[in-house]
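**Q** Could you look at this predicted model? Sequence included:
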Amino acid sequence: DQQVKQNSPSLSVQEGRISILNCDYTNSMFDYFLWYKKYPAEGPTFLISISSIKDKNEDGRFTVFLNKSAKHLSLHIVPSQPGDSAVYFCAAMGAGSYQLTFGKGTKLSVIP
Amino acid sequence: EPEVTQTPSHQVTQMGQEVILRCVPISNHLYFYWYRQILGQKVEFLVSFYNNEISEKSEIFDDQFSVERPDGSNFTLKIRSTKLEDSAMYFCASTYAGQGTYGYTFGSGTRLTVV
């Protein structure tokens, strides 16, 4: 039961260009969305989040866009840097729940 | 920067044995969680814990699992009788606010191998 889907297992981007990571969800009860970055042998690190009442949230090089009608969100990284190379997880949470539902992740490689 | 500490980093155990995975959450955090990731699969929620009791648990968190905050700092996950399919990375996490508004802080994980 894939309530949160990241359909691209991997993405390669040139340094300095934009990285766009996509995520789709099926559960309309989700009202809070988060992006995590994970390096090998480390736990996920929180990057940025967005509430369902917003359509955009920006933090430095990272911007998350939410399209509720399409049940789609995306993470934009501009400009991409080699240190951004990691696995990126999309996660979602429903109102009143403490449970994060994760996607399978997208491995981003930023090529110098 | 404050961090969530997990020990051990890797544990190998025989099938049927009990294991205890340990976590020290961030000191002023109030909500505590365990997640796991089986190799090649998603990170999955196991349980959340607040005010010394379980707030929410998933279907994975059956009677073989238990959690405890034995003192003011540690948060443990016990698996009573391990099975081969319990082999996974187990991540502890904590937040100050339960809704994850500030983002969970995860530990580096314990890799559990059941043989």
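**A** Cool, the structure landed. Numbers count the residues shown, from 1 in each chain, chains lettered A, B, ... in the order given.

**Q** How much space separates residue B:50 from chain A?
**A** 8 Å (C-beta to the nearest C-beta, to the nearest Å). The way it works is simple: take the backbone N, C-alpha and C, and place the C-beta from them, glycine included.

**Q** Spit out the contact partners of the closest residue in space to that residue that isn't next to it in sequence.
**A** Sequence neighbours aside, residue B:31 is the residue nearest to residue B:50 in space, at 5.0 Å (criterion: C-beta to C-beta, 6 or more residues apart in numbering or on different chains). By C-beta atoms under 8 Å, 6 or more residues apart in numbering or on different chains, residue B:31 lies in contact with A:98, B:48-50, B:55, B:94-98.

**Q** give me the low-pLDDT residue ranges for the chain?
**A** Picking chain A for this. Counting by pLDDT under 70, the ranges of chain A that qualify are A:1.

**Q** Chain B, not that one
**A** Filtered on pLDDT under 70, chain B yields the residue ranges B:98-102.

**Q** what are the bridge partners for the residue nearest to residue B:50, then?
**A** With DSSP bridges applied, residue B:31 shows beta-bridge pairing to residue B:50, residue B:95.

**Q** Run through the bridge partners of the nearest residue to residue A:29 once chain neighbours are set aside.
**A** Once flanking residues are discounted, residue A:29 sits nearest to residue A:94: 4.5 Å by C-beta to C-beta, 6+ apart. Beta-bridge pairing for residue A:94 (DSSP bridges): residue A:30.

**Q** my read: residue A:94 touches residue A:27, true?
**A** Yes - counting by C-beta atoms under 8 Å, residue A:94 touches residue A:27, with 7.0 Å between them.

**Q** More neighbours: which of those two?
**A** The residue with more neighbours, out of residue A:94 and residue A:27, is residue A:94; 16 against 13, by other C-beta atoms under 10 Å in any protein chain shown.

**Q** Relative to residue B:5, how far out is the more buried one?
**A** Distance of residue A:94 to residue B:5, computed by C-beta to C-beta, to the nearest Å: 29 Å.

**Q** At the contact with chain A, which residues of chain B appear?
**A** B:4, B:6, B:31, B:33, B:35, B:41-45, B:48, B:50, B:55-56, B:58, B:91, B:93, B:98-109 (C-beta under 8 Å from any C-beta of the partner chain).

**Q** doesn't residue B:70 fall inside a strand?
**A** No - assignment of residue B:70 by DSSP: H, G, I helix; E, B strand; the rest coil gives coil, placing it outside any strand.

**Q** what about the residue nearest to it when sequence neighbours are not counted, neighbour count?
**A** Among residues not flanking residue B:70 along the chain, residue B:76 sits closest, at 6.6 Å (C-beta to C-beta, 6+ apart). By other C-beta under 10 Å, the residues close to residue B:76 number 15.

**Q** Just to check, residue B:76 is in contact with residue B:47?
**A** No - in this structure, residue B:76 is not within contact of residue B:47 by C-beta under 8 Å, at 11.5 Å.

**Q** Please enumerate the shared neighbours of the two.
**A** Common neighbours of residue B:76 and residue B:47 (C-beta under 8 Å, 6+ apart) are residue B:67.
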